[in-house]
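Student: The following block contains a protein sequence and its predicted model.
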Amino acid sequence: MLDATASRFRPFEVVSKVRESTTITSFRLTPLERHHWQSFEPGQFLTIRVPDGKGGHVLRNYTVSSSPREEGTYRITVKREAAPAQGVPEGLSSCWLHDEIEPGAVVEIDPPRGAFKLDSRSSRPVVLLSGGVGLTPTVSMLNILARESDRPVWFIHACDSAAVHALREEVENLAALRSGITIHFCYRFAEGADLEAARCHSAGFLTRATLQSLLPLDDYDIYMCGPPPFMQALFGILTGIGVRKERIAYEFFGPASLLSESGQTTARPTTTTAAQPAVDADGPRIVLKKSGHSFAWDATSESLLAFLEAQGIEPEFSCRAGVCRTCEQGLVSGEVDYFEDPLDDLPPDRVLLCCSRPRSSIVLDL
């Protein structure tokens with residue numbers, strides 16, 4: 001009998017496998033039953049069940065790099081994570097995909113999910129910032145922006161070299177569809193010929209001076225994805241040149257406080273001590289049982305996890321989308337609403353912080 005988690009997954013056939021660079025490969029997936037394909041928004045990801053070699057499975061998330069316009073199919077673009085040093089294991093899922101999965105293979109996936117997605121309601125100019133394989137969501141976003149919008153777009157991508165630069169031709173073709181799209185490629189280890197042949201536009205690291213030269217003064221929507229050191233550096237540069245934090249959307253696995261040198265994304269507000277969740281006239285309160293802290297809920301917060309991070313509290317998390325259960329906490333009292341269904345069913349005394357908001361004042365076992 002399948003468990004609750006397994007029953008949510010559906011079989012998809014790998015219909016193509018395309019080498020995009022020396023380290024990155026794309027896999028095109030189509031459902032064995034067409035109704036299992038679900039629409040998605042640019043930036044969202046799929047969860048794949050990967051054999052762990054011990055008779056079980058692990059779950060891994062991969063952003064959909066194709067356009068939502070391509071109905072009936074998904075494309076994921078994956079970097080092969082080789083062992084960084086002797087004695088350190090290779091990436092289980094990426095090596096399985098690269099080394100063992102060929103066209104005709106069937107993999108099991110959960111439908112697209114995730115809060116990192118293009119805000120199609122906004123009319124602001126867009127900056128798409130990526131490092132390495134972090135370009136997968138920004139390419140999907142660019143596809144929609146190039147075909148369905150007239151918003152000014154800057155697509156800025158950093159990687160080590162031309163050899164590992166994936167989806168370059170696709171990005172150039174999308175940028176050529178209309179005016180108002182600027183692309184900039186930065187190679188960390190650029191060779192002279194790269195600059196001369198315009199394979200890249202700058203060398204070394206993306207700098208404050210580079211971004212200032214590219215971006216005129218304006219109020220941008222910025223979408224950023226890449227390795228944590230890249231994200232931290234760019235977050236510091238962007239806020240340093242006056243970009244408001246609320247205009248920067250990002251996705252990576254790790255605490256949000258890593259983005260700031262101080263270790264906090266916002267200042268820690270004043271707290272009060274409380275044993276029970278007294279209801280304020282201002283709305284629900286979030287009470288932390290172990291620490292005794294009590295906070296007035298901010299209705300503009302995306303989730304309980306984001307709210308707690310804004311208070312300088314850092315619960316453990318990974319996926320931010322109700323998949324991995326890393327952010328699971330005890331719910332001592334109160335009720336929550338889920339805006340993203342958890343992958344697993346939860347008992348009433350447990351809560352996933354990343355995809356829930358309080359329906360009433362609550363007490364967390366935290």
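Tutor: The structure has been received and is ready for your questions. Residues are numbered from 1 along each chain as shown.

Student: Residue 307 is in what secondary structure piece?
Tutor: Remark: residue 307 resides in helix 304-310, with elements defined by DSSP states H and E.

Student: Check residue 39 too.
Tutor: Secondary structure assigned from DSSP H and E places residue 39 in neither a helix nor a strand.

Student: what number of residues lie near the closest residue to it other than its chain neighbours?
Tutor: Excluding the flanking residues, the one nearest residue 39 by C-beta to C-beta, 6 or more residues apart in numbering is residue 68, at 6.2 Å. To be clear about C-beta, it is placed using only N, CA and C from the backbone, and glycine gets the same treatment. As a burial measure, residue 68 scores 19 neighbours (other C-beta atoms under 10 Å).

Student: give me phi/psi at residue 68?
Tutor: Backbone geometry at residue 68, expressed as degrees, to the nearest 10, gives phi -60, psi -20.

Student: same thing with the one 10 residues further on?
Tutor: Geometry field for residue 78 lists phi and psi as phi -120, psi 130, criterion degrees, to the nearest 10.

Student: What are the boundaries of the helices in this structure?
Tutor: Remark: helices assigned in the chain by DSSP state H are 4-7, 92-100, 135-148, 168-175, 192-196, 208-214, 228-240, 304-310.

Student: Which one of the ones you listed has the poorest average confidence?
Tutor: Looking at the helices of the chain, the lowest mean pLDDT belongs to helix 4-7 (a mean of 54).

Student: quick revisit: and the helix holding residue 307, what other elements does it pack with?
Tutor: In terms of contacts (3 or more C-beta pairs under 8 Å, 6 or more residues apart in numbering; DSSP states H and E), helix 304-310 is packed against strand 285-288, strand 356-358.

Student: and the longest one, how far from the chain's centre?
Tutor: Just to be clear, that refers to strand 285-288. Here strand 285-288 is found 28 Å from its chain centre; the criterion is C-alpha atoms, centre = their mean, to the nearest Å.

Student: Run a quick neighbour tally on residue 320.
Tutor: Every residue meeting other C-beta under 10 Å relative to residue 320 is counted, giving 27.

Student: I'd like to know how many residues surround residue 128.
Tutor: Using other C-beta under 10 Å, residue 128 is surrounded by 26 other residues.

Student: Give the residue spans of the chain that score low on pLDDT.
Tutor: Where the chain drops to pLDDT under 70, the residues are 1-7, 83-90, 252-282.

Student: Show me which strand runs longest in it.
Tutor: When the chain is parsed with DSSP state E, its longest strand is strand 10-19.

Student: Show me what counts as buried in that strand.
Tutor: With burial defined by 16 or more other C-beta atoms under 10 Å, the residues of strand 10-19 counted as buried are 10, 12, 14, 17.

Student: Look up how far residue 106 lies from the first one.
Tutor: When C-beta to C-beta, to the nearest Å is applied, the distance between residue 10 and residue 106 equals 10 Å.

Student: With the second one instead?
Tutor: Residue 12 sits 7 Å away from residue 106, taking C-beta to C-beta as the criterion.

Student: likewise the third one?
Tutor: Counting by C-beta to C-beta, the gap from residue 14 to residue 106 is 7 Å.

Student: List the buried residues for stretch 39-53?
Tutor: Buried residues in stretch 39-53 (16+ other C-beta under 10 Å): 40, 41, 42, 43, 44, 45, 46, 47, 48, 49, 50.

Student: need the buried residues of strand 10-19 in CSV with distance to residue 136, can you?
Tutor: Compiled in CSV, the buried residues of strand 10-19 are given as follows (distance: C-beta to C-beta, whole Å):
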residue, distance to residue 136
10, 21
12, 17
14, 17
17, 16
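
Student: what's the closest of those to residue 64?
Tutor: Set against residue 64, the nearest of the buried residues of strand 10-19 by C-beta to C-beta is residue 12 (12.0 Å).

Student: Now for the closest one: which residues touch it?
Tutor: The contact partners of residue 12, by C-beta atoms under 8 Å, 6 or more residues apart in numbering, come to 29, 30, 31, 32, 36, 74, 106, 107, 108, 109.

Student: that older thread, the longest strand of the chain pairs with which strands, and in what direction?
Tutor: strand 24-31 (antiparallel), strand 106-113 (antiparallel) (DSSP bridges).

Student: Run the chain-centre distance for the last one.
Tutor: The one in question is strand 106-113. In terms of C-alpha atoms, centre = their mean, the centre of strand 106-113 is set 16 Å apart from its chain centre.

Student: Please consider this matter closed, and thank you.
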